[in-house]
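>>> Just the structure for this:
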Amino acid sequence: MSEAPPEEQDVLRLQQLRKSYQVGTPLQVEVLHGIDFRLARGEFTALVGPSGSGKTTLLNLIGLLDTPTDGELFLLGRPTRALDDRERTALRGRSIGFVFQFHHLIQAFDVLDNVLMPALVQGQRRSRALEQQALQLLEAVGLQAHARKRPGELSGGQQQRVAIARALLTRPPLVLADEPTGNLDTHSANDVFSLLRSFNASFGCAVLVVTHDPRLAHRCDRIVDLVDGRLVGDTRAPAQ
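Residues are numbered from 1 along each chain as shown. Below is the predicted model:
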């Protein structure tokens, strides 16, 4: 069987992506300057760069939480710049899982309900099968026994593991992790990173990790360096 064309292998493709703020005013400033980037299915990539380099802006664009000023962002081959809010929300819900530095769990809900949230927000009916899927993910992150606890009863590392299970419930082809270990001690950070690597291998999802930790970055398969709104480096780990 012949390989799919490169564009069909891409989960994400950025084409001359630009982002400006205060557009049309004397204070207009361009933060991202023509970003070209591809992320293939199953890739595990670190996005690094100094504070103020545009990493958060770029991640917001990739996550369809904001729109570019110019250029195009293709998600699963679909151009997204012209999508309306409803279309963007639907595509984001189907295609992207998010893991943030601050896990953003809903404290009023128990752990199981937090993991179920992405599917319920998309309009899926709560069912025994869906709950079983969530419980299997909680088992995979070592927290099935805590399914009925509230997030506040868990440690920071445990809460971040819940956030990973939540991000993976819908089996998204792309997972975005924004400083997912930034608030954790070294042991918990290693556990969280190992879980992301494990799910990347087992589910085949592409993972893009924003991190300031060079030790974690160098455990990724690829490191992309963003400085002053421009990609200045793209290094791949040697083939194993």
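>>> Going by C-alpha atoms from here, please, whenever you check contacts or count neighbours.
Will do.
>>> Show me the longest helix that occurs in the protein.
Across the chain, the longest stretch assigned as helix under DSSP state H is helix 186-203.
>>> buried set for that one?
Across helix 186-203, burial judged by 16 or more other CA atoms under 10 Å covers 188, 189, 191, 192, 193, 195, 196, 197, 199, 200.
>>> Can you add distance to residue 237 and give the residues you listed back as TSV?
Output for those, formatted as TSV (distance: CA to CA, whole Å):
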residue	distance to residue 237
188	24
189	21
191	21
192	21
193	17
195	20
196	17
197	15
199	19
200	16
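>>> give me phi/psi at the residue in the chain sticking out farthest from the centre?
Distance from the C-alpha centroid of the chain, by CA atoms, centre = their mean, peaks at residue 26 (34.1 Å). As for residue 26, its main-chain torsions (degrees, to the nearest 10) stand at phi -60, psi -20.
>>> which strands and helices sit next to the host helix or strand of residue 47?
Assigned by DSSP states H and E, residue 47 belongs to strand 44-48. When contacts are defined as 3 or more CA pairs under 8 Å, 6 or more residues apart in numbering; DSSP states H and E, strand 44-48 sits against strand 206-210, helix 214-217, strand 222-227.
>>> how about 7 Å then?
When contacts are defined as 3 or more CA pairs under 7 Å, 6 or more residues apart in numbering; DSSP states H and E, strand 44-48 sits against strand 206-210, strand 222-227.
>>> any idea what residue 220 is structurally, helix, strand or coil?
Assigned with DSSP: H, G, I helix; E, B strand; the rest coil, residue 220 falls in the coil class.
>>> you'd agree it is up against residue 48?
No: taking contacts as CA atoms under 7 Å, residue 220 lies outside contact range of residue 48: 11.4 Å.
>>> For stretch 122-134, what does the pLDDT average out to?
Average pLDDT, stretch 122-134: 85.
>>> residues making contact with it?
With CA atoms under 7 Å, 6 or more residues apart in numbering as the test, stretch 122-134 has contacts from 93, 112, 115, 116, 120, 169.
>>> so what's the closest residue to residue 231 other than its chain neighbours bridging to?
Closest residue to residue 231 apart from its sequence neighbours, by CA to CA, 6 or more residues apart in numbering: residue 225 at 5.7 Å. Applying DSSP bridges to residue 225 gives these bridge partners: residue 48, residue 233.
>>> quick revisit: can you state the direction angle for the longest helix of the chain and strand 44-48?
For helix 186-203 against strand 44-48, the angle by axes from the mean of the first three to the mean of the last three CA atoms, to 10 degrees is 140 degrees.
>>> which other helices and strands contact helix 186-203?
Counting by 3+ CA pairs under 7 Å, 6+ apart, helix 186-203 packs on no helix or strand.
>>> Any buried residues in the helix or strand harbouring residue 90, and which?
Element membership for residue 90, per DSSP H and E: helix 85-95. The neighbour-count check on helix 85-95 (16+ other CA under 10 Å) flags 88, 89, 91, 92, 93, 94, 95 as buried.
>>> who touches it?
Outside helix 85-95, the residues that touch it by CA under 7 Å, 6+ apart are 63, 64, 122, 172, 173, 174.
>>> The same query, at a cut-off of 10 Å, please.
With contacts defined as CA atoms under 10 Å, 6 or more residues apart in numbering, helix 85-95 is touched by 11, 62-67, 75-76, 78, 80-83, 98, 118-119, 121-122, 170-175, 205.
>>> still on that earlier bit, and of the buried residues of helix 186-203, the nearest to residue 137?
residue 199 (10.0 Å; CA to CA).
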